[in-house]
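The amino acid sequence is not available; the structure is as follows:
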């Protein structure tokens, strides 16, 4: 929340709206003179200057100042709306940085795409000679036709951007880890621990770990349980167990098409290694978890200066 001139208070509100066959999450800055009056069902249309549109809205800021009944009435309500905007609503572009362990090789690296790029992009793939890898992914938060209300996206945005979210860490870890558990090659999946939150320059990061066993062939259920075998000859294949540690955060990103609008982006760093070698990688993993950051140019420069001092 920001307080503007003449006592006007600014709040960010999330809008989930159709985008082709899917939905995308866009956030705006609104302004209103009173928190309590803004967030009652009787006056919310007046505060947000609504007009007819197929959209849903979720308040992101000032949640701790709102009575629970008013918050419940406003969260995920089917408002028909388009909010009024403040001049300062557009956030600066976000970049990222991370120090790789000594001796690691970069296999692939790409620049951060523009704010209107709605596809998942792998920005980095690097590793060492022993099978340890790190990937950096940038994922604009959209929903699929199977999740038309944007539940997963809204859960992530609330958890990472509201100071005291109602969403639990376990809920977020379960949501994020499904992407790994449901991969075609996943033979077995097991979460380790409850995860950990870290704050860096007012940005929230969630770290969690898991073991993932891969089958590079076809998974078949037989009388003795599940086996991994070649799809052409039926030959039994060995499975490979990897340990993963992921770093996750969500940031607002400016768009090119609307001056006042910005989308929400999920960033994932996936560090993985053969499970039997994970115990030897404490120093290398710490290098990456301590130096990964997403932010503006000024924030990233300040982070580098702090790390080097």
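Yep, that arrived. These figures come from a predicted structure and were not determined experimentally.

Helix or strand with the lowest mean pLDDT in this structure?
helix 68-74 (a mean of 33; mean pLDDT, DSSP states H and E).

right, and the helix or strand after that helix?
strand 95-97 (DSSP states H and E).

pLDDT on whatever helix or strand comes next after that following strand, on average?
Scanning forward in sequence from strand 95-97 by DSSP H and E, the next helix or strand is strand 105-109. Average pLDDT, strand 105-109: 96.

Going along the chain, name the helices of the stretch 201-309 of the chain.
Applying DSSP state H, counting those that start in this stretch to the stretch 201-309 of the chain gives helices spanning 282-291, 297-308.

who touches the first one?
This means helix 282-291. 97-101, 104, 128, 132, 134, 207, 245, 247, 269, 271, 303, 307 (C-beta atoms under 8 Å, 6 or more residues apart in numbering). To be clear about C-beta, it is placed using only N, CA and C from the backbone, and glycine gets the same treatment.

Can you give me the buried ones in it?
Neighbour counts over helix 282-291 (16 or more other C-beta atoms under 10 Å) mark 284, 285, 287, 288, 289 as buried.

repeat for stretch 165-181
For stretch 165-181, by 16+ other C-beta under 10 Å, it's 165, 167, 172, 173, 175, 176, 177, 180.

Where does pLDDT dip in the stretch 201-309 of the chain?
Applying pLDDT under 70 to the stretch 201-309 of the chain flags the ranges 254-262, 305-309.

wait, what's in contact with residue 270?
Here residue 270 is in contact with 133, 134, 135, 137, 244, 246 (C-beta under 8 Å, 6+ apart).

now the third one, which residues is it bridged with?
Taking DSSP bridges, one obtains residue 125, residue 270 as the residues bridged to residue 135.

is it true that it touches residue 127?
No. Contact criterion C-beta atoms under 8 Å: residue 135 and residue 127 do not qualify, at 9.3 Å.

on that earlier part again, may I ask which of the contacts of helix 282-291 has the most neighbours?
Of all these, residue 134 has the most neighbours under the rule other C-beta atoms under 10 Å, reaching 25 neighbours.

pLDDT score for it?
98.

List the contacts of the nearest residue to it once chain neighbours are set aside.
In this structure, residue 134 finds its nearest non-sequential neighbour in residue 271, 4.8 Å apart by C-beta to C-beta, 6 or more residues apart in numbering. Residue 271 sits next to 132, 133, 134, 244, 245, 246, 247, 285, 288, 289 when contact means C-beta under 8 Å, 6+ apart.
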